[in-house]
Every structure is written in C-alpha cells, then in structure tokens.
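[1] build me a structure from this.
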Amino acid sequence: MKRGTLWIVFVALVVWSSAGCGSSSKKPLTVTISMAPTTLAVNSTGNVVATVTNDPANNGVIWTCTPAIACGSFSFVPSSTQSGASSVFTAPPAIPSGGSVTITATSLTNGSVVSAPVTVTITAGTTVATNNFVFYASGEQNATDTEITYSIAGVVAIASTASADGSFAVISGEQDYNDGILLTSPQPTGDFITGGSLVFTNGAGQATLTLITNNPSIGNSGTEVFALAFANDDHALIVQFDGSATSSGSYDFQSSTTAPVSTSFAFTASGLDASLSIEGGCSNLPIAEAGVFALDASSNLTGTLDVNDAGVPTLGTAITGALGVADSLGRGAIMGSGIGNSANYYVVGPEVLRLVDVDAGSCDTSVGSAYGQGAAGTTPLFSAASIGTSVFSVAGNNVDQFAAAGQFTTDGVSTFSGVGDENESLSIGSAPVLAGGFGGTYAVNASGYGNFTFGNADGLGSMLVLGVYAVDPALNILDPNNTTNTVGEGGALFAEMDANLVGTGLLIPQTDTALSDLAGPFAFGAQGDGSAESTAGPNPVTVIDEFDFLGEGSIAGGAFTGTGVLSDPFGSLTATSVQSTNAAFSASFVDDLEGIGRSTSNLQVSATFTPPATPDFPTVLLAVTVYEANAGQAFWIDTDDLTDVFAGSIQSNTGVAAAAKKRTQARTKNQKH
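    Presented below is the predicted three-dimensional model:
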C-alpha cells in the first residue's frame with residue numbers, strides 16, 4: 001500500500017474515533033424523579049429523590065410544587081438536592097382545590113430541563129374529630145425596624161376530645177402574618193401550622209392557644225402564643241401573648257369552608273399604608289379601607305370602596321375582582337379587587353370572612369372583616385330606615401390611636417343625634433370629650449353604603465365624617481355564630497372618612513339602657529396605647545406603644561370584677577414590661593341616669609407575677625365610659641386625658657362548656673381531619 005493511502009486511512013480512523021468520543025459527551029441532560037409518595041395526609045411528610053444524568057456541572061435539582069397557593073418555599077427541606085439525595089416534602093395543611101399537588105424537579109444547570117411531574121393526592125389523614133376556628137388580630141410587634149403594626153389571620157383545626165393532660169391538640173392549620181416590611185408569610189402559601197395545643201386555664205373560659213408553625217421568623221422561632229377569653233363555645237376574644245408582639249382580635253368557630261357566592265357583603269380593614277419615608281423606611285401612616293361588594297354565582301366581585309389614607313379620603317371608587325377557590329380549611333385569595341394590593345380571606349361562615357393584606361416589603365399591612373348583608377336577590381336591601389337607635393365604637397390603631405363610643409337615634413330618613421365620648425392619644429393632642437352632644441345628617445343607599453356627617457358645631461371630638469356600611473339584620477357582628485336570640489343582631493360597620501382621624505368600628509342596635517340589665521358573667525377585652533412625651537435629648541418626642549388585655553368576670557349592680565391577661569411588653573401602661581396571666585380588674589359603674597345606656601367608673605388594673613420575674617407594678621386607675629347595647633353586649637373606652645387610650649367590648653359569657661363538653665362528645669358540626 002502506498003504511503004499516501006496509509007495516511008488517508010489513519011486520518012479517517014482518528015476522525016471516526018474523535019466523532020465517537022464526541023457523541024458520548026453530547027448525551028442529553030435528564031432529570032427523573034425516582035422516589036416520591038403518591039398519597040400524603042395533610043401536614044405529613046414524605047421523601048422525594050431525583051436522579052440527574054449527563055450533568056457535567058453536577059449541580060443537582062431544585063424542587064417545586066403546584067398549585068402555588070397550597071405549597072411553596074417551606075414545602076421542601078432542603079429545597080435543592082444533588083442527584084440521588086433526598087429532600088423531605090411536607091404536604092399542605094389543607095386539601096387544595098382538586099385534591100392533589102404536583103411535584104417537579106428542575107435542573108440547576110439547565111433550567112429548561114424538568115422532570116416529568118408526579119401527582120400526590122392529599123387526604124384528610126387522621127380521623128380525629130376536630131373543630132375549626134378562624135382567628136384574626138392586629139397590633140404592635142417587638143421589631144427593631146420602624147414598622148410597628150402587624151396583621152395576622154388564620155385557621156386552626158382543634159381536636160374535639162382532650163388529651164390525657166386535659167389539653168386539646170392543634171391538628172393542623174394555616175395563617176398569614178404581615179408587618180409590611182420584614183415579616184410577611186411566604187405567598188401564596190402562607191404559614192403552615194403543624195402542631196400546638198389549646199389549654200383551658202380555669203373553668204370560666206380562659207385559655208392559652210399555642211401554635212407551632214413552619215416559619216421560624218415569626219413569634220419565638222416559629223411558635224406563637226395567644227391568650228383567649230371565651231364568651232361561649234364558638235367565640236372568644238384573643239390577644240397575642242408571647243413577648244414577640246401584642247395584639248387584639250377575635251377567635252370564632254368555622255361553620256363553613258366554602259367561598260360564598262350570590263350574596264353581598266359590607267367590609268372594613270385597617271392598618272398601615274404603602275408610604276416610604278425619606279430614609280427609605282416605612283412612614284407608619286394609618287389607613288382604613290371600607291365598602292360594600294356583591295358576589296355572583298362564580299364569586300366574581302363588584303362593589304364600592306372608600307379609603308382614608310393618612311387623612312386623605314377617597315370615596316366611592318368602583319372595585320372589581322373575584323374570590324379564589326378556598327382550600328379545605330377555608331383559605332383563599334382575593335384577586336384584583338382593590339381590597340389591599342394583595343389579600344387573602346378566611347371563611348368563618350356563609351356571611352363572615354376575615355380579610356388580611358399580604359403585600360410583602362411594601363409597607364402595606366391591614367386586617368379586617370366582611371359581613372353578609374342578608375338574603376340574595378332582595379331589592380332594595382337597605383335604606384335610611386335600616387338604622388335606628390344604636391350604640392357604636394370607633395378606634396384607630398396604635399399609629400393613630402383614638403377611641404370613641406356613644407349612643408344615637410335617627411329619624412329614619414336623614415338626621416341623627418346622640419351623646420358620645422371621644423379620646424385621643426398624646427400624638428393627636430385633643431382633650432377628651434365626655435358625654436358630648438352631637439348631630440348631623442346621614443344617608444344609606446339600597447346596597448347598604450352611606451355616611452354619617454356631623455354638623456360643623458356638632459362633631460364628636462375630631463370626628464366629622466363616618467362611612468357606614470350596613471350588615472344583615474339577622475347577623476351578630478361581635479359574635480357571628482350566636483343566633484340563639486335577636487339580641488345584638490344587625491347594625492353596620494363604620495370607618496372614619498375625614499382629614500382628622502383614621503379608624504374603623506361598628507354600630508349595634510340598642511335594646512337595653514338600664515345598668516341593671518347589664519348583669520351576670522362576661523368576657524371582656526380592650527386594645528389601647530400608652531403615650532408619653534420623652535424628655536430625653538434636646539428634641540422631646542412622643543412615644544406611643546400598645547397594650548392589650550382580656551379576661552372573664554361578672555357585673556352585679558354596676559360592680560365589675562374580673563381576672564385575665566395583661567399584655568404590656570413595651571411598658572406603655574405600667575412603665576415596666578408586663579406579661580401577666582393573673583391580672584385583676586375591678587370597677588364600680590354608675591349610670592348617668594340620662595336613659596341612654598351610658599355609665600362611668602375608674603377601672604382598677606393590677607397584676608402579680610409568679611414567680612416574680614419583674615417587680616409587681618402598682619395599681620393603675622383608668623377612667624372609663626361604658627355604652628350598653630343590650631343585656632349581653634357593651635362597648636367601653638378609656639377617657640384619661642392625654643395619657644392612655646383604649647377601646648374594647650364586654651360580651652356576655654353564656655356558659656362556656658368547652659373544657660367539659662368537648663371531652664365527652666363530638667358536636668354535629670365537627671369536621672374530620
């Protein structure tokens with residue numbers, strides 16, 4: 001063979017060999033899920049493993065899960081793994097719409113390479129009988145930044161039978177927490193509640209609720225503690241009580257988990273707006289949102305919105321949107337409504353929703369409620385005659401703290417007049433108004449939307465305009481599951497809509513005015529702030545911090561005594577940080593004899609500590625005024641001059657049998673989880 005021929009053969013062999021080696025290196029990168037559960041109970045866990053082939057960087061995968069509202073950043077630990085390594089997947093705390101979630105693994109080297117999806121069916125799991133309760137609250141967190149107001153709403157499934165130690169186990173749950181800047185529950189999933197307990201501390205209905213979440217940034221390393229004062233088996237006042245924050249709100253039995261359709265609602269929410277200061281932090285400006293909306297058969301939403309943003313009201317804005325599908329615990333998203341930039345809802349029942357703003361890092365935070373307006377298709381639903389003699393309470397948050405309560409009558413057409421008390425914190429500066437007369441004009445249209453406008457010389461303190469939003473005459477706003485009688489049913493929501501103040505509240509029809517009618521066992525609570533002028537440094541500033549309290553007690557002949565919880569972590573009421581579970585409350589109310597259900601007293605507050613971690617603080621005396629709505633409901637406010645301000649309620653304790661009743665029977669409305 002000629003040398004040239006040999007050379008050609010040699011070159012051909014080299015090229016062929018090189019081509020063979022090159023084809024091996026170009027094998028496609030693949031990702032395959034080699035291990036995953038096919039079925040998981042809510043809140044349970046399972047291992048997932050992905051195998052990656054032909055990845056020269058050996059970067060592994062990142063795990064994802066859909067639908068996003070059911071599973072997210074906390075679902076996989078770790079969230080990324082090497083080929084063949086396992087991650088622990090935690091099922092959502094509620095069964096999502098459709099009953100399943102889908103898991104995928106994506107290459108970290110090439111994001112376009114994704115595994116085939118694996119469907120995991122989510123089941124109720126354990127057959128422990130449970131009762132679901134929805135809670136919400138707002139208050140002040142113990143944060144290091146300039147943001148001080150936070151909002152929280154959630155739902156928990158509580159075992160209906162006590163454990164051997166007498167506590168009731170928290171089986172599952174979910175929540176949304178938002179301070180608008182640093183701490184916002186991951187969206188759209190929120191926080192998973194994976195455990196905890198409800199422990200009754202005495203027979204009157206006081207309890208401690210401990211929630212263990214998968215979010216280590218909230219509470220104390222993910223664990224939150226709340227104090228409760230039950231008015232009945234289905235309703236309690238609630239205060240966050242773990243030192244990380246203090247707040248007030250409501251805790252109510254969940255009678256439905258289905259998003260409502262073909263009905264209408266009135267709503268209010270309050271918190272902070274989305275304003276940034278020059279320094280780049282949140283400016284802590286208060287905001288109130290309120291209005292009415294109607295839902296069609298597909299939960300599409302149309303309505304009218306009022307907003308008071310730091311004293312700049314914007315009235316009558318049209319809103320549209322929809323309620324997203326709720327999961328098995330009644331949590332869903334509110335889409336495109338204008339009720340907050342991004343918000344979620346929790347179903348309490350067919351006519352009650354709790355609303356929470358979940359914007360992250362925007363300075364926005366707010367929480368509130370929507371209440372049904374009655375039978376769908378009834379036209380007109382409302383008129384000026386829908387509101388008659390009533391008592392009311394309106395208050396701001398700890399940024400713009402004020403409190404007002406009073407009684408008024410209407411002519412059923414266009415005018416109102418009444419008597420009220422109003423008090424403002426040192427940051428606002430006006431002296432309290434005691435038994436101040438007021439009057440003006442009002443209007444309510446067929447949708448329940450309207451306003452109360454005080455006369456120029458007849459304003460109640462700084463209050464000039466209140467938006468009014470009527471609710472179902474058969475609905476108890478304070479205690480939405482309490483329909484055993486007609487006491488306390490009906491009324492409307494209020495929102496301050498003028499340049500002077502920002503706050504929200506409500507009114508209830510008045511049926512009783514004699515102090516002797518307000519008698520028996522009661523649950524009580526209040527949210528307020530202590531404000532003082534700091535003299536430190538050359539430029540004195542006003543320091544405002546929140547305190548909250550609740551408890552159980554009794555009233556007889558105007559004499560009030562009670563015990564409960566005082567949450568004052570900032571020392572705003574007591575000048576020392578106080579977290580007391582054995583606070584004592586007493587007062588001797590005196591009827592003003594004007595026949596309007598108004599009485600006054602000094603409320604004495606004291607507490608001791610066992611063991612005495614801090615010195616006992618001296619007794620605090622707070623001037624208070626009570627306005628009675630009926631024999632089982634009243635509003636009270638603190639009327640101290642430029643020192644303390646609080647607003648709250650007194651609600652009849654109709655015989656809490658929770659500790660005994662739930663041990664022996666599962667109620668017909670129990671749910672299985």
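[2] any idea how far residue 463 lies from residue 32?
    66 Å (Cβ to Cβ, to the nearest Å). In short, each C-beta sits where N, CA and C put it, glycine included.
[3] neighbour count winner among the two?
    Set side by side, residue 463 and residue 32 show more neighbours around residue 463, with 24 against 14, by other Cβ atoms under 10 Å.
[4] pLDDT value on that one, please?
    Per-residue confidence at residue 463 stands at 91 (pLDDT).
[5] mind listing what residue 626 touches?
    518, 589, 598-601, 634-636, 650 (Cβ atoms under 8 Å, 6 or more residues apart in numbering).
[6] and of those, the nearest to residue 573?
    Proximity of the contacts of residue 626 to residue 573 (Cβ to Cβ) peaks at residue 636, which lies at 15.4 Å.
[7] host element of that closest one?
    In this structure, residue 636 sits in strand 633-638 according to DSSP states H and E.
[8] what mean pLDDT does that strand have?
    96.
[9] moving C-terminal of it, what's the next helix or strand?
    Following strand 633-638 toward the C-terminus (DSSP H and E): strand 644-652.
[10] other SSEs contacting that following strand?
    Secondary structure elements in contact with strand 644-652, counted by 3 or more Cβ pairs under 8 Å, 6 or more residues apart in numbering; DSSP states H and E, are strand 235-240, strand 390-395, strand 402-410, strand 520-534, strand 620-630, strand 633-638.
[11] domain assignment for this structure?
    For the chain, automatic domain parsing gives the domain ranges 30-123, 129-375, 384-652.
[12] follow-up on the earlier one: can you redo the helices and strands packed on strand 644-652 as CSV with distance to residue 562?
    Output for the helices and strands packed on strand 644-652, formatted as CSV (distance: least, Cβ to Cβ, whole Å):
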stretch, distance to residue 562
strand 235-240, 12
strand 390-395, 19
strand 402-410, 19
strand 520-534, 6
strand 620-630, 13
strand 633-638, 12
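[13] all helices for the protein, in order.
    Along the chain, counting by DSSP state H, helices occupy 3-25, 658-664.
[14] contact partners for residue 499?
    Counting by Cβ under 8 Å, 6+ apart, residue 499 makes contact with 311-313, 464.
[15] give me the neighbour count for the nearest residue to residue 553 once chain neighbours are set aside.
    Nearest residue to residue 553 in three dimensions, chain neighbours excluded: residue 562, at 2.2 Å (Cβ to Cβ, 6 or more residues apart in numbering). Neighbour count of residue 562, defined by other Cβ under 10 Å: 24.
[16] state the distance from residue 562 to residue 306.
    Noted for residue 562: a distance of 37 Å to residue 306, by Cβ to Cβ.
[17] repeat for residue 198
    37 Å.
[18] more neighbours: these two, which one.
    More crowded of residue 198 and residue 306, by other Cβ under 10 Å: residue 198, with 25 against 22.
[19] for the more buried one, list the residues it contacts.
    Residue 198 is in contact with 158, 167-168, 170, 207-210, 228, counting by Cβ under 8 Å, 6+ apart.
[20] just residue 263 next, same as before
    Neighbours of residue 263 in contact, by Cβ under 8 Å, 6+ apart: 294-295, 350-351, 372-373, 376.
[21] report the two of the residues you listed separated the most.
    294 and 350 (14.7 Å).
[22] re the thing from before, look at the residue nearest to residue 553 and report its pLDDT.
    The model reports residue 562 with a pLDDT of 94.
[23] I'd say it and residue 550 touch.
    No: at 9.4 Å, residue 562 does not count as touching residue 550 under the criterion of Cβ atoms under 8 Å.
[24] overlap in contacts of those two?
    Common neighbours of residue 562 and residue 550 (criterion: Cβ under 8 Å, 6+ apart): residue 524.
[25] okay, buried residues for stretch 104-118 please.
    104-109, 113, 115, 118 (16 or more other Cβ atoms under 10 Å).
[26] ok, and what's touching that stretch?
    Against stretch 104-118 from outside (Cβ under 8 Å, 6+ apart): 29-33, 36, 38, 48, 50, 52, 55-57, 59-66, 80, 102-103.
[27] same check on stretch 216-223?
    177, 183, 185, 191, 196, 210-215, 224-225, 242-245.
[28] same deal with stretch 551-561?
    For stretch 551-561, contacts defined as Cβ under 8 Å, 6+ apart pick out 202, 204-206, 229-230, 515-516, 518-525, 562-565, 583-591, 599, 601, 603, 650, 653.
[29] repeat that for 7 Å
    204-206, 229, 515, 518-524, 562-565, 583, 585-590, 599, 653 (Cβ atoms under 7 Å, 6 or more residues apart in numbering).
[30] and for stretch 292-302?
    Contacts of stretch 292-302 (Cβ under 7 Å, 6+ apart): 259-266, 303-304, 319-323, 337, 447-449, 469.
[31] list only buried entries from the residues you listed.
    259-260, 263-266, 303-304, 319, 321-323, 337, 447-449, 469.
[32] restricted to strands, list those residues.
    263-266, 303-304, 319, 321-323, 449, 469 (DSSP state E).
[33] for the stretch 201-350 of the chain, give me the ranges with low pLDDT.
    The stretch 201-350 of the chain contains residues with pLDDT under 70 at 203, 274-283, 337-338, 340.
[34] which one of the ones in strands among the buried ones among the contacts of stretch 292-302 is nearest to residue 641?
    Looking at these and their distance to residue 641, the nearest is residue 469, at 32.1 Å (Cβ to Cβ).
[35] bridged to the closest residue to the closest one other than its chain neighbours, which residues?
    Closest residue to residue 469 apart from its sequence neighbours, by Cβ to Cβ, 6+ apart: residue 266 at 3.6 Å. Note on residue 266: beta-bridge partners by DSSP bridges are residue 292, residue 371.
[36] list the contacts of residue 266.
    So residue 266 contacts 292, 370-371, 373, 448, 469-471, 492-493 (Cβ under 7 Å, 6+ apart).
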